[in-house]
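J.: heads up, no residue letters with this:
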């Protein structure tokens, strides 16, 4: 009998899934297919991307797509309309699909998903688990503090809290996030910390410099590369990085590469042009198959987070950096859990997100000291192995689902 035989069906709900390359899409694909391989019946309710079919089977997972064709929006209005459309379609789909005894795992894209999932699970007599990737509307309040926005958000937070309380488990990505859930009166015995992992992390390994064709394609064979890989989003402390780049502009050996896309990219590109920062380049996101290659281009990687967001977001790009054994320069709140862990593990350096000079100094230190860089890279790889990656996450999720 396979590991999950006889278990309840697991129904995941999230706006993005394979073949989308967004982080939550890749994480959900790994988890859904991993559970299916262990014998769990798995259904994913998600949105359309490209020319995907409305219903299909892939690697043991039943995929049902709802709503209209989706694109990525740089502006909040377009994004909000996409969220509303998907939410309405998902609500109708859950009414048709969800059955008594199912385990509904609701993610947080779109932000309305926890509320919709709580209502649907109650109606169907299904179990409910919240997989909290981001905490809304708190993220928005942290980015744009406003009394009016706080007043408008207060009822939504109460509804969201009620949805969390309705769930039989609330899965957080780290201790900061777990403490915030507890502060919203989620019972301690329902809060579980299950870290994310590097998407496809079991296949990620450092690519040697001599064998990395991207270093040649990007013309950085003889440069010290400071890399940022992933979403250029509003929660990431990116402006201080550009300010640090301005302080490094006279060091011809140092290049900063941003590989990814997101709502902040156009403004950053404009800032680089206006300041004439020839040491900064932007590159398109690469397919997952080339992730090990692209991550290995960096001699050092930036992981960033705006102060105030540490309880509501966890920068999961960290795990890809660890997988290829690269030192980290964490730019963010110096006393958050992630900063403390970087220090404790000896896997990199920490600079406050309001201190560009400290960011530049950390880059200079790592550039000048190959021995320190190699030591931190080894410790990063050790940290990655200690997390257990996807296999450890699958084991934790199976334990949780059986308990539900």
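T.: That came in fine, so what should we check first? Only a predicted model underlies this, so the values are computations on that prediction, with no experimental measurement involved.

J.: For the stretch 301-404 of the chain, which segments count as helices?
T.: 317-323, 337-345, 356-368, 370-387, 389-403 (DSSP state H, counting those that start in this stretch).

J.: err, the stretch 51-200 of the chain, not the other one
T.: Under DSSP H, counting those that start in this stretch, the stretch 51-200 of the chain gives helices at 76-97, 113-124, 138-143, 147-166, 175-183.

J.: got the contact list for the fourth one?
T.: The reference is to helix 147-166. 114-115, 117-118, 121-122, 128, 130, 136-138, 140-141, 170, 181, 184-187 (Cβ atoms under 8 Å, 6 or more residues apart in numbering). To be clear about C-beta, it is placed using only N, CA and C from the backbone, and glycine gets the same treatment.

J.: any idea how far residue 304 is from residue 159?
T.: Applying Cβ to Cβ, to the nearest Å, the value for residue 304 to residue 159 is 31 Å.

J.: again with residue 133
T.: 19 Å.

J.: more crowded one of the two?
T.: A side-by-side neighbour count of residue 133 and residue 159, using other Cβ atoms under 10 Å, places residue 133 first with 21 against 14.

J.: rewinding a little: for the helices of the stretch 301-404 of the chain, which one ends up most surrounded?
T.: helix 317-323 (a mean of 26; mean count of other Cβ atoms under 10 Å).

J.: Now do the same contact list for the spatially most central residue of the chain.
T.: The residue lying closest to the centre of the chain (Cα atoms, centre = their mean) is residue 316, at 4.3 Å. Residue 316 sits next to 23, 27, 173, 196, 197 when contact means Cβ under 8 Å, 6+ apart.

J.: which residue packs closest to residue 321, ignoring adjacent ones?
T.: residue 301 (4.3 Å; Cβ to Cβ, 6 or more residues apart in numbering).

J.: isn't that neighbour right up against residue 228?
T.: Yes. Taking Cβ atoms under 8 Å as the definition, residue 301 is a contact partner of residue 228 at 7.1 Å.

J.: Show me where the stretch 101-250 of the chain dips below the pLDDT cut-off.
T.: Along the stretch 101-250 of the chain, the parts satisfying pLDDT under 70 run over 200-202.

J.: what does stretch 359-368 rub up against?
T.: 224, 226, 240-241, 243-244, 247-248, 251, 253-254, 299-300, 327, 329, 331, 349-351, 372-373, 376.

J.: From the residues you listed, keep the buried residues only.
T.: 224, 226, 240-241, 243-244, 248, 254, 299-300, 327, 329, 331, 349-351, 373, 376 (16 or more other Cβ atoms under 10 Å).

J.: Tell me which of these fall in strands.
T.: Applying DSSP state E to these, the entries found in strands are 224, 226, 254, 300, 329, 331, 349, 350, 351.

J.: Okay, buried residues for stretch 299-317 please.
T.: Buried, per 16+ other Cβ under 10 Å, within stretch 299-317: 299-306, 308-317.

J.: per-domain residue ranges of the chain.
T.: 10-197+388-403, 201-387 (automatic domain parsing).

J.: Please tell me how far the residue nearest to residue 349 when sequence neighbours are not counted sits from residue 285.
T.: Once flanking residues are discounted, residue 349 sits nearest to residue 362: 4.2 Å by Cβ to Cβ, 6+ apart. With the distance defined as Cβ to Cβ, residue 362 ends up 25 Å from residue 285.

J.: Please name the nearest non-neighbouring residue to residue 110.
T.: residue 83 (3.7 Å).

J.: Need the pLDDT of the residue nearest to the centre of the chain.
T.: For residue 316, the model assigns a pLDDT of 89.

J.: Distance check, it against residue 376.
T.: 20 Å.

J.: Ok, residue 94 next?
T.: As judged by Cβ to Cβ, residue 94 and residue 376 stand 46 Å apart.

J.: got it, and residue 97?
T.: Counting by Cβ to Cβ - residue 97 and residue 376 are separated by 48 Å.

J.: Same check on residue 356?
T.: Taking Cβ to Cβ, one finds residue 356 at 21 Å from residue 376.

J.: what do you get for residue 124?
T.: For residue 124, the distance to residue 376 - Cβ to Cβ - is 50 Å.

J.: would TSV of the contacts of residue 316 with distance to residue 44 and neighbour count be doable?
T.: Listed next are the contacts of residue 316 as TSV, based on distance: Cβ to Cβ, whole Å; neighbours: other Cβ atoms under 10 Å:
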residue	distance to residue 44	neighbour count
23	16	19
27	12	22
173	20	19
196	17	26
197	18	27
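
J.: on that earlier part again, just the ones in strands among the buried ones among the contacts of stretch 359-368 now: which is nearest residue 233?
T.: Residue 233 has its nearest neighbour among these in residue 331, at 13.9 Å by Cβ to Cβ.
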